[in-house]
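[1] can you look at this prediction? I've put the sequence above it.
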Amino acid sequence: MASKADRILDRLEEVTRELNDLKRKGIPLLPVPPLVKSALRTGTQRFDDVITDTYFDTVRGIADVVLPADSARDIINNPNVLMDSSGAISQITAKLDVKKPRKVTKKMKQQRKIQSNAFKAANAKGRLQNGQFRAGYDQSRIARMAQKECTKERIRLGLCDDPKKKSKKKSSMKRK
């Protein structure tokens, strides 16, 4: 499989050869004797072919020495390979500090389920059949309704205390 650089070089070589052909076709238009024209035609053809072949062979050789296509692909796609400011390539060790996902507890699952049901109910109440908001409703109002319903359900199930009820603190109680 040819790399992108190889395809570009192939296309440039093709364009150069086409340009050389056009140049040779222009020789008959020169105001010189016929013997000179034939000598020019054969001489320039050989000379152009040698120069073109030498140039593109050299460029391909340099491109392969600088960065072969296979190693370039491996280096570019490997996240553990770094290049410093001087151009030296080095391998880094893999990071071991990978955060594990939080464990979902039974209480968290229950809260998520309650909230999911509350949002479904609030959306059903605040939206039309085609999904548009009813008059006077917007996303913030639906969210507030869902949160209020979620809190009521959590209080009903005993998962939290009623935030509206004043709880007596031990420090504020009168001592007898």
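    On my side now, so go ahead.
[2] could you use CA atoms for every contact and neighbour count after this?
    Fine.
[3] shaky segments in the protein?
    Where the chain drops to pLDDT under 70, the residues are 1-3, 27-30, 64-76, 87, 89, 93-97, 167-176.
[4] hey, where'd the helices end up in this structure?
    Using DSSP state H, the helices of the chain run over residues 4-25, 34-66, 69-77, 106-126, 139-157.
[5] export these to a markdown table and tack on distance to Ala88 and mean neighbour count?
    Output for the helices of the chain, formatted as a markdown table (distance: least, CA to CA, whole Å; neighbours: other CA atoms under 10 Å):
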| stretch | distance to Ala88 | mean neighbour count |
| --- | --- | --- |
| helix 4-25 | 22 | 13 |
| helix 34-66 | 13 | 13 |
| helix 69-77 | 12 | 13 |
| helix 106-126 | 50 | 15 |
| helix 139-157 | 55 | 16 |
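[6] and those as a markdown table, adding distance to Ser85?
    Shown next, in a markdown table, are the helices of the chain (distance: least, CA to CA, whole Å):
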| stretch | distance to Ser85 |
| --- | --- |
| helix 4-25 | 24 |
| helix 34-66 | 17 |
| helix 69-77 | 16 |
| helix 106-126 | 49 |
| helix 139-157 | 52 |
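[7] out of these, which gets nearest to Ser86?
    Among the helices of the chain, the nearest to Ser86 by CA to CA is helix 34-66 (15.2 Å).
[8] can you name every helix or strand that the closest one contacts?
    With contacts taken as 3 or more CA pairs under 8 Å, 6 or more residues apart in numbering; DSSP states H and E, helix 34-66 sits against helix 4-25.
[9] what is the end-to-end distance of stretch 122-138?
    11 Å (CA to CA, to the nearest Å).
[10] just how off-centre is that stretch within its chain?
    For stretch 122-138, the gap between its own C-alpha mean and the chain's C-alpha mean amounts to 37 Å (CA atoms, centre = their mean, to the nearest Å).
[11] how about that stretch: buried residues?
    Ala122, Asn123, Gly126, Arg127, Phe133 (16 or more other CA atoms under 10 Å).
[12] show me the domain layout of this structure.
    Domain ranges of the chain: 4-91, 106-157, per automatic domain parsing.
[13] distance to Lys165 added to these, as a markdown table?
    Below are these laid out as a markdown table (distance: least, CA to CA, whole Å):
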| stretch | distance to Lys165 |
| --- | --- |
| domain 4-91 | 56 |
| domain 106-157 | 11 |
